[in-house]
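Novice: when you get a sec, could you give me coordinates for this:
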Amino acid sequence: MSLLAVPCKSLFQKAIRMSSSTMSRSDNAPSSLIPPGAQDQSAARRRIVRAIPKLAIVGLLAGLAYWGHSTDWTLPKFSMLTGGAAASSEDWCIAHNVPESGCIECNLTLLPRDKDFGWCKDHGIAQCPLDHPEVAQLTKAFNPTPADFDRANRALALLPRAENNSRCKLHQTRIQFASADAFDKAGIDIAVALQRPVIEAVTANGELIYDQTNTAYLASRVAGTTWRVEKQAGDKVRKGEVLALIDAADVGRTKTDFLQAIAQLRLRQTNVDAMRPLVQQGGIAGKQFLEAETALEETQIRLLSAQQALVNLGLQLRAEDYFNMSPDKIAAKIQFLGLPAEVTRNLDKETTTSNLFPLRSPLDGIVVERKVVAGEVVDTSTTLFAVSDISRLWLMLDVRQEEAKYLSLGQPVLFRHGGDPDEAEIKGCISWISTSADAQTRTVKVRVELPNDKTQLRANTFGTGRIVLREEPKAIVIPSEAVHSDGCCQVVFVRDKDYLKPEATKFFHIRKVRTGVKENNTTEIIAGLLPGEVIASKNSVVLEAQLLKSNLGAGCGCADGH
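Specialist: The predicted model follows:
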C-alpha cells in the first residue's frame, strides 16, 4: 500500500469521531422552556438537519477511502489523461510518453539507432548528410555534387557562424509518438526543406546625393549685374549652353584693352618697318631703332595679355585674326564675343552693351538649382546655378564599423528607395570606402554608384542598401521556427523516412545544423539538411520540450557542463 494511504485513512477516522462528537453535543441543548413531548420531537428534528451535511462529508470520505484502498493510493498518469489511455498504466514510458513495450529509446532492439558517423570538422555537425548521405531521411538516394560542397564551404568561410559542440550527443536521441493521431493532436506542422535563391548582405541606411563628378555649382567669373536669365530650374541643358548673361564692366574693359593693343601694335610695327632701312643706311642712330623695337615688343606683350584675359573668361579669340581688320570691324566682331548666334540674333548692336558675359553649362544635364534673377548684382563667390547629370546618383551608406571589414570595391549593392518593401531594388556597386570612421556615429561611409536612367530616384532622400556578400541560387531554406537551440547546439527535428508507412514507428530524428541567412520567416541551412527532407516546423517546441525532458539529468555530453 502507498504511504499516502496512512494519512488518508487517519483523516477518515478523525472525521467519523468529529461527526459523532458533534451529534452527541447537540443532544445536550437546554430544554427547560419546551414541553416534554414537543421538546423531544424538536430536538430530534434539529439533530437530523444538523447531521445531514456531516453525513454527506462522512460518505464522501468513505468513498475516497474505498477508492484509495482499491488503487493502492496511486494517481493516474498524465499521458492516460491526454490520449495515452490505450496503454495500460503498467505499460507506459514516462520519460518518452509512449507505451513502454514500444519505446524505441528504452528498447533499442525494437529499432536500432542509425550508424554514428561522428563529427564532421569541415561543416561543424554530427551525422553530416553531405559526407554521409545515407543518414538523410529521403525516400530516394541523394548524391551530393561538388556544387553542394562549394555552397556550404563558401557560406562557412565568409562569416562567423553559430557553432555546435562536438561533444554533444543530442543527435543520438529520437523523439517518438505513440501514434500518428497523437502527433496530430499535439498541433505540430511539418515543412519540407526547399531550395531557392538567397542573398547574404550587409544592410545599411543611406542618403542619395548628386554625383559630384557630374555636378557643377556655377558662379560668374566676373562681378556684375545679371542682364538676363536664359534657363530655369528643371530645364535640360547641353554642354556649352548659356544659362544667363552677366553685364560686367571688366569684360568691356578687357575688350577695350585688346583693341588698343592691336592699334598700338600696328603703329609700332609700321615705325619699326620704316626705320629698318634707315638704320642700314646710317640715316638714324641705332639706339633710336632699338627703342622702337623695344616699344613694339612691349605692345605685343600687352596684346597677348589682353587676349589671355579674354580667353580666361571663356571668350576664345586669336589676335592674328584681327590684324587686317579696321578698328570698327574689330569692335563689332568682339562686341558679342562668346555669345551664341541664337542669343545674339535678336540683340540690337547699336543699343546693347559690349560688357555681356555668358554663363555657360559645363556639362549635359538638368538645372537642379537656380539662385539668380535678372537685375541682381552678383560676384564671383555666389553660386547662381547648379547643373547635374542625374542619369547616375551616389548613394552614401553608413556601414557599422564591425561590418566594414567584409566590404571591397566593386561589390554589388541592392538599394530600395524609401525602404518600401514593394518597390523593386536598384543594383549598383561600391566605388569608394572611407578610410576613417565618423567621429560621432562610428560608422564608415561607403559610396555606391546607382543608375538613374528612369529618373525615379531623388537626391537628398533616404533608403536602405544591401551590400551583397554572397548570392546562392540554390540555398536550402526552412521556416525559422523549425530551428531550435539549447545553448549547446542548433537542431531541427527530421521526420523518419518511413513515417507514412502504416505499421512504421512514428518518430523524428535530431539533426544538428549550421544556419546562415535569416530572411523574413525563413532560415538558410548551410549544412545538416538535404533538399526534400521533412522537418517539424510550427509548434515544434513540443518536440524540443520532450527532447529536454528525455535528457534531463543526463546532460547532453557538452563540454563545460552543457
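
Novice: so who does the residue positioned nearest the centre of the chain touch?
Specialist: With distances taken as Cα atoms, centre = their mean, T203 lies nearest the centre of the chain, 3.5 Å away. By Cβ atoms under 8 Å, 6 or more residues apart in numbering, the contact set of T203 is 464-467. C-betas here are computed from N, CA, C, even on glycine.

Novice: which residues are contacting stretch 408-423?
Specialist: Defining contact as Cβ under 8 Å, 6+ apart, one finds that stretch 408-423 is touched by 199, 201, 206, 208, 395, 397, 424-433, 448, 450, 456-458, 461-469.

Novice: buried ones among these?
Specialist: The neighbour-count test (16 or more other Cβ atoms under 10 Å) marks 199, 201, 206, 208, 395, 397, 426, 428, 430, 433, 448, 450, 457, 463-469 as buried among those.

Novice: my guess is V311 contacts L317, does it?
Specialist: Yes: the criterion here is Cβ atoms under 8 Å, and V311 meets it with L317 at 7.4 Å.

Novice: same drill for those two, tell me which one is more crowded.
Specialist: Taking other Cβ atoms under 10 Å, V311 and L317 do not tie; L317 has more neighbours (17 against 12).

Novice: ok, that one touching I334?
Specialist: Yes: in terms of Cβ under 8 Å, L317 counts as a neighbour of I334; the distance is 6.9 Å.

Novice: who touches both of those two?
Specialist: 258, 310.

Novice: where does pLDDT dip in the stretch 1-150 of the chain?
Specialist: For the stretch 1-150 of the chain, the stretches with pLDDT under 70 are 1-49, 51, 53-55, 58, 61-89.

Novice: what's the following helix or strand after the worst-scoring helix or strand of the chain on mean pLDDT?
Specialist: Counting by mean pLDDT, DSSP states H and E, the chain has its least confident helix or strand at helix 78-81, which shows a mean of 41. Downstream of helix 78-81, the next assigned helix or strand under DSSP states H and E is strand 119-120.

Novice: could you list the paired strands of the helix or strand just after that next one along with their orientation?
Specialist: Counting by DSSP H and E, the next helix or strand C-terminal to strand 119-120 is strand 125-126. Here strand 125-126 is paired, per DSSP bridges, with strand 119-120 (antiparallel).

Novice: how far does the strand it pairs with sit from its chain's centre?
Specialist: In terms of Cα atoms, centre = their mean, to the nearest Å, the centre of strand 119-120 is found 33 Å from the chain centre.

Novice: sketch out the helices for the protein, chain order is fine.
Specialist: Taking DSSP state H to define them, one finds helices in the chain at 5-26, 36-71, 78-81, 146-158, 180-185, 249-281, 286-312, 327-335, 341-344, 541-550.

Novice: still on that earlier bit, tell me which of the contacts of T203 is nearest to L60?
Specialist: L60 has its nearest neighbour among the contacts of T203 in T464, at 69.4 Å by Cβ to Cβ.

Novice: just checking, the closest one touches G206?
Specialist: Yes: taking Cβ under 8 Å as the definition, T464 is a contact partner of G206 at 7.5 Å.

Novice: list the contacts of V541.
Specialist: V541 neighbours (Cβ under 8 Å, 6+ apart): H484.

Novice: now do 10 Å
Specialist: 188, 481, 484 (Cβ atoms under 10 Å, 6 or more residues apart in numbering).
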